[in-house]
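Chemist: sequence and predicted structure below; questions after.
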There are 2 protein chains.
Amino acid sequence: MFDWLLDQKVQNSIGSCYMKKNGTTISKAAQRAGVGIETIRYYQRLGLIEEPGKPVEGYRLYPEHTIDQIRFIKRAQTLGFTLKEAKVLGELGEEKCLETRDLAGLKLELVQSKIRDLKFIEHNLNDLIQHCDTRRKDEACPIYYSISKQ
Amino acid sequence: MFDWLLDQKVQNSIGSCYMKKNGTTISKAAQRAGVGIETIRYYQRLGLIEEPGKPVEGYRLYPEHTIDQIRFIKRAQTLGFTLKEAKVLGELGEEKCLETRDLAGLKLELVQSKIRDLKFIEHNLNDLIQHCDTRRKDEACPIYYSISKQ
DNA sequence: ATAAACTCCGTACTATAGAACGGAGTCAAT
DNA sequence: ATTGACTCCGTTCTATAGTACGGAGTTTAT
């Protein structure tokens, strides 16, 4: 039951107790997960990862599992998911595939909608820049004019 | 020189002094510009529009020019410009076309970069959803799996 | 004259994802 | 034993674009 406590004592008597087994310190965990220390604390505050219990003496130890969770969150972010969504994705796990698919579908629609908006902007900017480049010297700035009008 | 003061007195003796000429109250200005009152105050705080002087008695009066400025800002926003950039665009005016063009060019590049990023995400999400839809019943969720791996 | 509506003004809050700070505690090594 | 490095913890700050609030003053309408 309390083997881990024993383990720690044993390690303590041998060398530093902060050399893995039971986990690593926050800075090592951050380094291994590719994030800053503050990011880990922030995820803890949001409840995205559980905070390891504070030992009576010494520092909190972050298990491998938590580091994996952080990596999971980071990869979810690269797919456009927010931290809140990343949390849900983690909770859904590998079983609730339909819900996960739905979440991804919604995200896809959002992303596509953003792309459409940006393309519209891109088109307008391109147009305006064209007008700028082909304007006569004495004409007022087409961009300024276009924003001013209506 | 102080005709406006006279005007106001005259108007005062006739009816409400808050019926245009010299400007309108903030709520009317907001309505005519299509924004909220708080937005106008916010733009004032940022120095995007000048705050009309507070008369000794009564409320501030917003001239037509300020309403135009707010509309200018709003249109600049639809082109993807931030408020800070909208301010610069307004200051550049219709003369400094080259600078304006540069600003638009930078914005265009930013927008295109965002589109590329979003398309990458779109592609990945599409892939994952495909995998979800073609997976065998007994397989773990491809999306969850993909985010977990590596 | 009094109530409803409007304005003024500063401050605080929304969302998102952290970064930075400061002081106290703890650990490791010389 | 003391220094340097690390941790802990709460709080504050960043950026962006507003929204909301609360109390006091002003104007308008009845």
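Modeler: It's in. Remember, predicted model here, so these are calculated numbers, not experimental data.
Chemist: let me see the mean pLDDT of stretch A:61-81.
Modeler: Mean pLDDT, computed over stretch A:61-81, is 96.
Chemist: neighbouring contacts of that stretch?
Modeler: A:18, A:22-26, A:28-29, A:32-35, A:39-40, A:43, A:48-50, A:52, A:55, A:83, A:85-87, A:89-90, A:103-104, A:107, A:110-111, B:118, B:121, B:124-125, B:128, B:146-148, B:150 (C-beta atoms under 8 Å, 6 or more residues apart in numbering or on different chains). For the C-beta atoms, the positions are set from N, CA and C on the backbone; glycine is no exception.
Chemist: is it in proximity to DNA strand C?
Modeler: Yes. For stretch A:61-81 and DNA strand C, the contact criterion (C-beta under 7 Å from any atom of the strand) is met by residue A:77.
Chemist: please save the CA atoms from stretch A:62-72 in CSV.
Modeler: Extracted as CSV, the C-alpha positions of stretch A:62-72 are listed here (Å, rounded to 0.1, in the frame of the first residue of the first chain):
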residue,chain,number,x,y,z
TYR,A,62,5.6,14.4,-11.6
PRO,A,63,5.0,10.9,-12.9
GLU,A,64,5.5,9.9,-16.5
HIS,A,65,1.8,9.8,-17.0
THR,A,66,1.5,13.5,-16.4
ILE,A,67,4.2,14.3,-18.9
ASP,A,68,2.3,12.2,-21.4
GLN,A,69,-0.8,14.2,-20.6
ILE,A,70,1.0,17.4,-21.3
ARG,A,71,2.2,16.1,-24.6
PHE,A,72,-1.3,15.1,-25.4
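Chemist: quickly check: that stretch near DNA strand D or not.
Modeler: No. Using C-beta under 7 Å from any atom of the strand, stretch A:62-72 never reaches DNA strand D; the gap is at least 8.2 Å.
Chemist: which of the residues in that stretch are buried?
Modeler: Neighbour counts over stretch A:62-72 (16 or more other C-beta atoms under 10 Å in any protein chain shown) mark A:62, A:63, A:66, A:67, A:69, A:70, A:71, A:72 as buried.
Chemist: show me which of the contacts of stretch A:61-81 are buried.
Modeler: Members of the contacts of stretch A:61-81 classed as buried by 16+ other C-beta under 10 Å are A:18, A:22-26, A:28-29, A:33, A:35, A:40, A:43, A:48-49, A:52, A:85-87, A:89-90, A:103-104, A:107, A:111, B:118, B:121, B:124-125, B:128, B:147-148.
Chemist: need the contact list for residue A:119.
Modeler: Residue A:119 sits next to residue B:115 when contact means C-beta under 8 Å, 6+ apart.
Chemist: quick one, phi/psi of it?
Modeler: Backbone torsions for residue A:119, taken as degrees, to the nearest 10, come to phi -70, psi -40.
Chemist: do residue A:50 as well
Modeler: Dihedral pair for residue A:50: phi -80, psi 140, per degrees, to the nearest 10.
Chemist: which SS class is the closest residue to it other than its chain neighbours?
Modeler: Nearest residue to residue A:50, sequence neighbours excluded (C-beta to C-beta, 6 or more residues apart in numbering or on different chains): residue A:66, at 7.2 Å. Classification of residue A:66 by DSSP: H, G, I helix; E, B strand; the rest coil places it in helix.
Chemist: sitting in strands, which of the contacts of stretch A:61-81 do you find?
Modeler: Using DSSP state E, no member of these sits in strands.
Chemist: so where is chain A shaky, pLDDT-wise?
Modeler: Residue ranges of chain A with pLDDT under 70: A:1-21, A:150.
Chemist: how far away is residue A:103 from residue B:117?
Modeler: Noted for residue A:103: a distance of 20 Å to residue B:117, by C-beta to C-beta, to the nearest Å.
Chemist: if we can go back for a sec, nearest to DNA strand C, of the buried residues of stretch A:62-72?
Modeler: Among those, residue A:70 lies closest to DNA strand C (C-beta to the nearest atom of the strand), at 9.6 Å.
Chemist: let me know the helix or strand that that closest one is in.
Modeler: helix A:64-78 (DSSP states H and E).
Chemist: can you check residue A:143 too?
Modeler: Using DSSP H and E, the element containing residue A:143 is helix A:142-148.
Chemist: what's in contact with that helix?
Modeler: Taking C-beta under 8 Å, 6+ apart as the rule, helix A:142-148 contacts A:128-129, A:131-132, A:135, B:68, B:72, B:75-76, B:79, B:89, B:92-94, B:97, B:100-101, B:104.
Chemist: give me the distance between residue A:105 and residue A:54.
Modeler: From residue A:105 over to residue A:54 (counting by C-beta to C-beta), the distance is 41 Å.
Chemist: if you count what's nearby, which of those two comes out ahead?
Modeler: When residue A:105 and residue A:54 are compared for neighbours, residue A:105 comes out ahead with 14 against 10, by other C-beta atoms under 10 Å in any protein chain shown.
Chemist: fine by me, thanks again.
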